[in-house]
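>>> Provide a 3D model corresponding to the input given below.
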Amino acid sequence: MKKYFAEGIGTMFLVLLACGSAVLAGPVIGGLGIGLCFGLVLVCLCYCIGGISGCHVNPAVSFAMFLSGRMKGGECVGYIVSQLIGATIGAGFLYCLTRMGIGYAYGGTTEISGSFLATNVLQKGATPMMALLTEGLLTFFFVLIVLGATDSRTAFTKFGGIAIGLALGLVNIVGIPVDNCSVNPARSFGPAVFDPTAWGDFWIMVVGPTVGAIIAALCWRVFSGDKKAIE
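Predicted coordinates:
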């Protein structure tokens, strides 16, 4: 049970701190700062709970691990449930914070959604297909980095957390202008629970990352030559 608890706590802090950077400091630090915050939070979590649960804190990562033969189906489901619960709790804390300030200049809003929780919604000028392709490609890159950095045959596994954190930061810097960047269905789910206007675009944040995770797992199978993966 401790690994599921670790995944829940980790995802909670990912949403609270990373999304919180957009909500509480967005206008000051901008997209670059928000992206860096996402990456730095993940680096910290990797070295905190990586030895307990692997620090997936992302259903797309857990699904790719399942496809790659690194975890069983039931375990994967348990991880995803824990991540969704953790993300909801993290978003709940963030929601409470936004209701405590009076006249505070919160960030994290968009042209379409009045959300104060950095929800994943299409930004001005972005289309569903543009966002879907962006989510798929960015998740493909991010999950591929995770699979490579955590492979037991890789000589750089001790520094895997740094590579993974940098990858998340990079994809957020690119994806935020499109749809606030998800590459993580749990990260999208938590804030959406408190902002119903985000559900209209939520399917993109599930389909895109799922397809990206599948392609990453297939690609890593080719790279690694692991015949047991995805069988």
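>>> model confidence over the longest helix along the chain, on average?
As assigned by DSSP state H, the longest helix anywhere in the chain is helix 20-53. Mean pLDDT, helix 20-53: 92.
>>> Give me the buried positions along it.
20-26, 29, 31, 34-46, 49-50, 53 (16 or more other Cβ atoms under 10 Å). C-beta here means a position set from N, CA and C on the backbone, and glycine is covered the same way.
>>> helices and strands around the lowest-mean-pLDDT helix or strand in the chain, which ones?
Among the helical and strand segments of the chain, the one scoring lowest on mean pLDDT, DSSP states H and E is helix 20-53, with a mean of 92. Secondary structure elements in contact with helix 20-53, counted by 3 or more Cβ pairs under 8 Å, 6 or more residues apart in numbering; DSSP states H and E, are helix 2-13, helix 73-100, helix 160-179.
>>> and the angle from it to helix 73-100?
Angle between the axes of helix 20-53 and helix 73-100 is 150 degrees (criterion: axes from the mean of the first three to the mean of the last three Cα atoms, to 10 degrees).
>>> Could you list the buried residues of the next helix or strand after helix 20-53?
As assigned by DSSP states H and E, the chain's next helix or strand after helix 20-53 is helix 59-67. By neighbour count with 16+ other Cβ under 10 Å, helix 59-67 contains the buried residues 59-67.
>>> ok, so of those residues, who is nearest N180?
A60 (16.1 Å; Cβ to Cβ).
>>> and that closest one, how far is that from I9?
Applying Cβ to Cβ, to the nearest Å, the value for A60 to I9 is 19 Å.
>>> again with L17
12 Å.
>>> Could you do V77 as well?
In terms of Cβ to Cβ, V77 sits 18 Å off from I9.
>>> Fine, thanks again, bye for now.
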